[in-house]
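**Student:** model the following, please.
(2 chains)
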Amino acid sequence: MKYPKLPSRSENFAEWYNQLVLRAELADYAPVRGCMVVRPYGWALWENIQQALDQRFKATGHQNAAFPLLIPLSFFEKEKEHVEGFAPELAIVTHGGGKKLEEPLAVRPTSETIIGYMWSKWIRSYRDLPQLLNQWANVVRWELRTKLFLRTLEFYWQEGHTAHATREEAEEETMRMLGIYEEFARTEAAIPVVSGQKSESEKFAGAVATYTIEAMMGDRRALQAGTSHFLGQNFAKAFNIQYLDRNNQLQYVWTTSWGLSTRFIGAIIMVHGDDQGLRLPPRLAPIQAVIVPIWKTDEEEARVMEVARNLKERLSQEVLYRGKPLRVHLDDRDHVTPGFKFNDWELRGVPVRIEIGPKDLEARAVTLARRDRPGREGKESVPLDRLAEHLPRLLDDIHESLYAQAKAFLESHLHDVETYEDLKAVVREGWARAWWCGRAECEAQIKADTTATNRCIPLEQPGGEGRCVVCGEKATVKAIFARAY
RNA sequence: CGGGGCGUAGCUCAGCCCGGAGAGAGCGCACGGUUCGGGUCCGUGAGGUCGGCGGUUCAAAUCCGCCCGCCCCGACCA
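**Tutor:** Got it, this is the predicted structure:
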C-alpha cells in the first residue's frame, strides 16, 4: 500500500490523532518545543469557530478589544490564588533592547490582571458598568507535556472579561456565557456536552466558581471544551476596581471571565473523526462541498471541467447555507486520480463530495457522497437542477447525524454508579456519575486509585440525596468522574 | 521533573552490533508518456554538514565521551 492508512482509532487513538492532525494539514510542529504552527486548513476551521462565537458575543452586548501580550510580573502577585496557579507556568521576559529590565514582564497566560488594572482606571461610576469585553488572543503557558491543539505552550483563544455592579448580574453573565458555549458546541460543532460546575480543587486559580462544558472524546476521555468563571470580587479587590453606586457609596465590582481555545479543534477531531480521517461538522468546515471531476478522454475532460467550473461558481454564489455563501472547492488537480482525491478529501473531513463524470453528465446529474456514511451507502445521484436546494438540507442532515452519533456515544458510556467498585470499573471505559460528598479528599482518593478526576458537578441534578461513593457520608449532588485530557 | 524512544534525502526508515570500495530503499518532488467512477503504471532526474562538538584510528554514519533537539508514557494544566 503506497499510502499507509491511518492507525485505527481503536488500536492506537493517540497515534491516530497525531497523524491525522499532521496529514490533514491542520497543524505541524514548530521548531520550538511544545509549539505548533496552525496551517491554513486548521486556521480556516478556527476562523469559522471565531465567527460563530464572535457573532454570539456581539449579540449579547460584548465588544472586542486588545490588551498587551506583556504583563508586569508584579500584577500576578496581587491575587494570591491566581499567582499560585499560574506562577509555575509563566514565561518571563527579563531582557529588552539589550538591557536587563527593571521589572520582568510575563507573557500573558490569561489577562484578568491587566484588564483589572485598566478597569481600575476606567470605572468610576455605576454608569460605567457593566463592562462587557472580549479579546481574541494568543497566550503562553509553559506546559510540560504537550499535544497538538490540546496542550501547547502557546495557544489561541478568546477570553471574555466582564465587570458588573452586582453579584447577581455577574453570576447571570457567567451562566449566560456557559450557555452560549453549550449551544455553540451543539449547534455549530455537533458536539454534545455536559455543563456543570468545577469542584474547588479543579476550579480556575482566582475564581469563586468555575463552570465548564465537558465533551467525551472518541476514546471516552473527557475534555474541558470551554469554561466560564465567576470571579466574585477577588480581582476587584486585588486591583482596586471600585465605583460609586446610586447612593454615592464606594463599591467593588463583580467580575467574570470565560474562554474557549484552539483546543476545541482537538475536540472536533476526537469526537467526530473516524478511521478514514476527519469528519468536520458542516457548519464549521472550511470546505463544505468538494467537487471531484472524473474523465477518461480529453474530450470528456473538457466537457466535465466546464460543467464543474460552472457548478462551483453557481453554488458558491447562489446557495446560502445558514445565511452564508456555501463554501465549495473544485479539485481540478490533473495529476492525481479520482480515487486518490476521494481518500484525500475524506481524510480532510469535507462533509459532502460532488462527483461529476461522463455518466453523471449523461443523466444531467451529479453523484453526492456524504462523509458521515461510509462507501456506497452514502452515495446518491441528484439532478443538477435540484442541487442548489438539496445541498443545504443535506448539510443539515449530516450535522444532525453527527450530533446524534456523538450524543448516543456519550450516553452509552456515561453510567450512574452506586458503589466504589462500580466507579473504578466504569472509569476505565467511560464516565461515572456518582453521589459525592463535596470533600476534596474523596476526589483525591478517586484520582489516586483510578487517575480519573472530578470533571464537574452537572447543572442537571437528580435531586434528593445519597451516600458519597467514596466515604459513604451524606451527599446532595452527583458528580462526573472520568479520565481526562 | 521521572520513565521510554528517536535523530542518516522533504517524509518513513535500512545500514551501525562486526570501522574500509561509489551513502542506500520506498514514498514524495520535477519532467515525459500512460492512466483516471475508490489511494494508476513506466521511464528519466534533482535532492544528503549521516543532530552538534570532541576523542580513538592509517581510516568513523558505524567505536567512546560530552552536548543539543524532538516525540511518546506518567505527575501539572485550557
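**Student:** so which residues on the stretch 301-450 of chain A come close to RNA strand B?
**Tutor:** Counting by CB under 7 Å from any atom of the strand, the residues of the stretch 301-450 of chain A lying close to RNA strand B are A:301, A:334-340, A:342-344, A:346-347, A:355-361, A:367, A:369, A:375, A:379, A:447. C-beta here means a position set from N, CA and C on the backbone, and glycine is covered the same way.
**Student:** mind giving me the ChimeraX command for buried ones among those residues?
**Tutor:** One line in ChimeraX is enough to select the buried members of these, burial here meaning 16 or more other CB atoms under 10 Å:
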select /A:301,342,343,344,346,347,355,356,357,358,360,361,367,369
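**Student:** just the residues of the stretch 301-450 of chain A next to RNA strand B: which are in helices?
**Tutor:** A:301, A:338-340, A:342-344, A:346-347, A:358-361, A:447 (DSSP state H).
**Student:** wasn't A:F481 part of a helix?
**Tutor:** No: under DSSP: H, G, I helix; E, B strand; the rest coil, A:F481 sits outside any helix and is assigned strand.
**Student:** nearest to A:L231 among the ones in helices among the residues of the stretch 301-450 of chain A next to RNA strand B?
**Tutor:** Relative to A:L231, the closest of those is A:K447; by CB to CB it sits at 25.9 Å.
**Student:** and the residue in the stretch 1-150 of chain A that RNA strand B sits nearest to, how far is that from A:L153?
**Tutor:** For the stretch 1-150 of chain A, the residue closest to RNA strand B is A:R33, as judged by CB to the nearest atom of the strand, at 2.2 Å. Distance, A:R33 to A:L153, using CB to CB, to the nearest Å: 7 Å.
**Student:** which residue, other than its chain neighbours, is closest to A:L311?
**Tutor:** A:I291 (6.2 Å; CB to CB, 6 or more residues apart in numbering).
**Student:** so the helix or strand harbouring that neighbour versus helix A:338-347, what angle?
**Tutor:** Assessed by DSSP states H and E, A:I291 sits inside strand A:289-293. Computed with axes from the mean of the first three to the mean of the last three CA atoms, to 10 degrees, the direction of strand A:289-293 lies at 170 degrees from that of helix A:338-347.
**Student:** please parse chain A into its domains.
**Tutor:** A:13-272, A:289-394, A:414-482 (automatic domain parsing).
**Student:** picking up where we left off before, who touches the residue of the stretch 1-150 of chain A closest to RNA strand B in this structure?
**Tutor:** Shown in contact with A:R33 (CB atoms under 8 Å, 6 or more residues apart in numbering): A:146, A:153.
**Student:** which element is it on?
**Tutor:** Applying DSSP H and E, one finds A:R33 in no helix or strand.
**Student:** show me where the stretch 201-350 of chain A has helices.
**Tutor:** Applying DSSP state H, counting those that start in this stretch to the stretch 201-350 of chain A gives helices spanning A:234-238, A:263-272, A:298-318, A:338-347.
**Student:** can you tell me which of the ones you listed is most buried?
**Tutor:** helix A:263-272 (a mean of 25; mean count of other CB atoms under 10 Å).
**Student:** if I look at A:L423, how far off is RNA strand B?
**Tutor:** Separation of A:L423 from RNA strand B (CB to the nearest atom of the strand, to the nearest Å) stands at 16 Å.
**Student:** typo on my end, it should be A:M270
**Tutor:** Counting by CB to the nearest atom of the strand, the gap from A:M270 to RNA strand B is 12 Å.
**Student:** can you pull the contacts of the residue lying closest to that residue once chain neighbours are set aside?
**Tutor:** Distances taken as CB to CB, 6+ apart place A:M217 nearest to A:M270, at 3.9 Å, with adjacent residues excluded. By CB under 8 Å, 6+ apart, the contact list for A:M217 reads A:223, A:267, A:270-271, A:485.
**Student:** sorry, back to before: as CSV, the ones in helices among the residues of the stretch 301-450 of chain A next to RNA strand B with distance to A:R39 and pLDDT would be great.
**Tutor:** Below are those laid out as CSV (distance: CB to CB, whole Å; pLDDT from 0 to 100):
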residue, distance to A:R39, pLDDT
A:E301, 30, 91
A:P338, 25, 94
A:G339, 25, 92
A:F340, 20, 92
A:F342, 22, 94
A:N343, 19, 92
A:D344, 15, 93
A:E346, 18, 94
A:L347, 14, 92
A:P358, 35, 94
A:K359, 36, 94
A:D360, 32, 96
A:L361, 35, 95
A:K447, 36, 89
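**Student:** mind putting those residues in JSON lines, distance to A:T113 included?
**Tutor:** Formatted as JSON lines, those follow (distance: CB to CB, whole Å):
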{"residue": "A:E301", "distance to A:T113": "61"}
{"residue": "A:P338", "distance to A:T113": "55"}
{"residue": "A:G339", "distance to A:T113": "55"}
{"residue": "A:F340", "distance to A:T113": "52"}
{"residue": "A:F342", "distance to A:T113": "51"}
{"residue": "A:N343", "distance to A:T113": "49"}
{"residue": "A:D344", "distance to A:T113": "46"}
{"residue": "A:E346", "distance to A:T113": "46"}
{"residue": "A:L347", "distance to A:T113": "42"}
{"residue": "A:P358", "distance to A:T113": "65"}
{"residue": "A:K359", "distance to A:T113": "64"}
{"residue": "A:D360", "distance to A:T113": "60"}
{"residue": "A:L361", "distance to A:T113": "63"}
{"residue": "A:K447", "distance to A:T113": "30"}
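**Student:** closest to A:T227 among those residues?
**Tutor:** Using CB to CB, those come closest to A:T227 at A:K447, 19.6 Å.
**Student:** let me see the contact set for the residue nearest to the closest one when sequence neighbours are not counted.
**Tutor:** Leaving out its chain neighbours, the residue that sits closest to A:K447 by CB to CB, 6+ apart is A:T453, at 5.5 Å. By CB under 8 Å, 6+ apart, the contact set of A:T453 is A:202, A:443, A:446-447, A:481-484.
**Student:** please consider this matter closed, and thank you.
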